[in-house]
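Peer 1: One predicted model, sequence on top.
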Protein chains: 2
Amino acid sequence: MIIIDYRDTRPIYEQIVERIKTLILKGAMQPDEQIPSVRSLAMELSINPNTIQKAYAELEREGFIYTVKGRGNFVADDSGLAQKRRNEYMEQILALVKEALEIGMPKEQIIHEIEAL
Amino acid sequence: MIIIDYRDTRPIYEQIVERIKTLILKGAMQPDEQIPSVRSLAMELSINPNTIQKAYAELEREGFIYTVKGRGNFVADDSGLAQKRRNEYMEQILALVKEALEIGMPKEQIIHEIEAL
DNA sequence: CTAAGTGTATTATGATAAATAGTACAGTTA
DNA sequence: TAACTGTACTATTTATCATAATACACTTAG
């Protein structure tokens, strides 16, 4: 479900945040579904509970999950979230495309390769 | 010419590398044109010369500039480089597009927005 | 009620990368 | 020769990440 890549330069907690975001937005986790507890996920991944805690705090801050003290963490209602996330991706894609165009990449090639996906 | 964003999580030397790459590939700097010396650019940006040195060493390693001891750093001939760089961009773009498609972004919208650039 | 599970907070420690500071040396050029 | 260049080296500081070890409050199954 969650895999940590130690060759990745990004910190562990960030990899976990990204992974869970994707799982939620792809629909692999349903709203109000409980996600693994801080301690159990730490045990499963053989990392420190504080690292999981940091990831979950960030996910809650961004509205992807909600926390109930004493009970656990749950997937938030995704209304609006998915759209917001898609907009973030669109911005990143357009920024990259702009730079690519500036150094002479043909727009047709970009479109063609995307269509071929 | 070069601006450092201290809110950026990326290290300073990396921002400088990226910035100079872009300037070269956009044609803002011509082959064999001299770029600022390690010390002068450090002075201008109010950062340590060692940081500039690190950026320049990386740029030389990747073939974007060449160094003449005692004289300075110069823009390299860009044959091949631009194509290589465009391929890097294409990979990044396709990776992002894949993720966007996975969370439900319509491919038509992506293509449409790129065409509108 | 109790025990075992939750989240949360705190402090200390180690590891690493990034950046700074200072100095030194060698090559180039006006 | 003086004033530029690049390069190399060591030491230090700073910030982030991760770990370690507790402690406390809340919830729930028994």
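Peer 2: Structure received. Numbering: from 1, shown residues only, chains lettered A, B, ... in the order given.

Peer 1: Only C-alpha atoms from now on, for both contacts and neighbour counts.
Peer 2: OK.

Peer 1: Next to chain B, which bits of chain A? Give me the list.
Peer 2: Contacts of chain A with chain B, taken as C-alpha under 8 Å from any C-alpha of the partner chain, map to A:22, A:25-26, A:82, A:86, A:89-90, A:92-94, A:96-98, A:100, A:102-105, A:107, A:110-111, A:113-115, A:117.

Peer 1: Narrow these to just the buried residues.
Peer 2: Those of the residues of chain A next to chain B that meet the buried threshold are A:22, A:25-26, A:82, A:86, A:89-90, A:93-94, A:96-97, A:100, A:103, A:105, A:110, A:114, by 16 or more other C-alpha atoms under 10 Å in any protein chain shown.

Peer 1: Up against DNA strand C, what does chain A have?
Peer 2: Residues of chain A found near DNA strand C (C-alpha under 7 Å from any atom of the strand) are A:36-40, A:50, A:53, A:56-57, A:67-73.

Peer 1: Top of these by number of neighbours, please.
Peer 2: Within the residues of chain A next to DNA strand C, most neighbours by other C-alpha atoms under 10 Å in any protein chain shown means A:Tyr56, with 24 neighbours.

Peer 1: looking at this, that one is in a helix?
Peer 2: Yes. The assignment for A:Tyr56 is a helix, going by DSSP: H, G, I helix; E, B strand; the rest coil.

Peer 1: Could you check what's spatially nearest to it, not counting adjacent residues?
Peer 2: Nearest non-adjacent residue to A:Tyr56, counting by C-alpha to C-alpha, 6 or more residues apart in numbering or on different chains: A:Val17, 7.3 Å away.

Peer 1: Next, report how far the worst-scoring helix or strand of chain A on mean pLDDT is displaced from the centre of its chain.
Peer 2: Lowest by mean pLDDT, DSSP states H and E among the helices and strands of chain A is helix A:81-102, with a mean of 92. From the chain centre to the centre of helix A:81-102 is a distance of 15 Å (C-alpha atoms, centre = their mean, to the nearest Å).

Peer 1: okay, the one residue sitting closest to the centre of chain A: pLDDT?
Peer 2: Nearest to the mean C-alpha position of chain A, by C-alpha atoms, centre = their mean, lies A:Glu18 at 2.6 Å. Per-residue pLDDT puts A:Glu18 at 94.

Peer 1: Report the backbone C-alpha coordinates of the one helix or strand it maps to in PDB.
Peer 2: For A:Glu18, the host element (DSSP states H and E) is helix A:12-25. Backbone C-alpha positions of helix A:12-25 (Å, rounded to 0.1, in the frame of the first residue of the first chain) are rendered in PDB as follows:
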ATOM      1  CA  ILE A  12      10.000  10.000   4.100                       C
ATOM      2  CA  TYR A  13       7.100  11.900   5.600                       C
ATOM      3  CA  GLU A  14       6.700  13.700   2.200                       C
ATOM      4  CA  GLN A  15       6.600  10.500   0.300                       C
ATOM      5  CA  ILE A  16       3.900   9.200   2.600                       C
ATOM      6  CA  VAL A  17       1.900  12.400   2.200                       C
ATOM      7  CA  GLU A  18       2.000  12.100  -1.600                       C
ATOM      8  CA  ARG A  19       1.200   8.500  -1.600                       C
ATOM      9  CA  ILE A  20      -1.900   8.800   0.600                       C
ATOM     10  CA  LYS A  21      -3.100  11.800  -1.400                       C
ATOM     11  CA  THR A  22      -2.900   9.800  -4.600                       C
ATOM     12  CA  LEU A  23      -4.700   6.800  -3.000                       C
ATOM     13  CA  ILE A  24      -7.500   9.100  -1.800                       C
ATOM     14  CA  LEU A  25      -7.900  10.900  -5.100                       C
END
